[in-house]
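**Student:** Only the shape, not the letters, is given here:
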């Protein structure tokens, strides 16, 4: 028994030493440090996750703000286009109104120009007796004085004809001189000569449109 007790007693002492050695202060410090490290690492990971979530939320808010700004810009552009279309429609309406007014004025002027002509025709149809009496009432100088405006109009018309003839002679002289000084083919000479009446026709058309 003594031998066994000594043996078991010796084993108990070895186990107690081993337990004491396993829970020594250095190991306890290491374990606490490991726990603190793990806890700090987990807190750091949680903080990083929270920061990433906050950055994602901020990015989503920025994207929503950009989308709102783009929508506002698109709405402003659409409003501007609608305003331009309304302005163009108003301008077209004004232009049509001016054209209608211009046509009415032309018709009125044509009617006004035709009325005196018709009045003169109607006036030139009195009885022969009345015309003879009226002719006898005025002498030669009075009749000359009454026809003064018509003579002035006739002289102005003749001056316009003389002006046209003088311009025609001047242009014909320079045109013939240009053709004589330069070597042109028959087709080029034909085009150059026919351009003169075409130019006059276009000028008359432009002045009529104005």
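**Tutor:** Here it is on my side, so go on. Computed from a predicted model, the values in this text were never measured in an experiment.
**Student:** Domain ranges for the protein, per the record?
**Tutor:** 74-124, 142-210 (automatic domain parsing).
**Student:** okay, and the helix or strand of the protein with the least pLDDT?
**Tutor:** Every helix and strand of the chain was ranked by mean pLDDT, DSSP states H and E. The lowest is helix 2-22, at a mean of 48.
**Student:** Name the residues of stretch 169-176 that are buried.
**Tutor:** Buried positions in stretch 169-176, judged by neighbour count with 16 or more other Cβ atoms under 10 Å: none. (Glycine included, C-beta is placed from N, CA and C.)
**Student:** Any chance you could list what contacts it?
**Tutor:** For stretch 169-176, the external contacting residues (Cβ atoms under 8 Å, 6 or more residues apart in numbering) are 192, 193, 196.
**Student:** Let's have the residues you listed in TSV, adding secondary structure.
**Tutor:** Converted to TSV, the contacts of stretch 169-176 look like this (DSSP: H, G, I helix; E, B strand; the rest coil):
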residue	secondary structure
192	helix
193	helix
196	helix
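**Student:** List just the nearest of the residues you listed to residue 99.
**Tutor:** Comparing the contacts of stretch 169-176 against residue 99 with Cβ to Cβ places residue 196 closest, at 33.4 Å.
**Student:** Count the residues that sit near residue 147.
**Tutor:** When neighbours are defined as other Cβ atoms under 10 Å, residue 147 has 11 of them.
**Student:** quick one on the thing from earlier: what I need now is the contacts of stretch 169-176 written out in CSV, including pLDDT for each item.
**Tutor:** As requested, the contacts of stretch 169-176 are exported to CSV (pLDDT from 0 to 100):
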residue, pLDDT
192, 91
193, 92
196, 92
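**Student:** tell me the mean pLDDT for the helix or strand containing residue 73?
**Tutor:** Using DSSP states H and E, residue 73 sits within helix 25-123. Mean pLDDT, helix 25-123: 75.
**Student:** I'd like the domains of the chain as JSON lines, with distance to residue 45 appended.
**Tutor:** Compiled in JSON lines, the domains of the chain are given as follows (distance: least, Cβ to Cβ, whole Å):
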{"stretch": "domain 74-124", "distance to residue 45": "43"}
{"stretch": "domain 142-210", "distance to residue 45": "85"}
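**Student:** do you know which of those domains lies nearest residue 63?
**Tutor:** Nearest to residue 63 among the domains of the chain is domain 74-124 (16.3 Å), distances taken as Cβ to Cβ.
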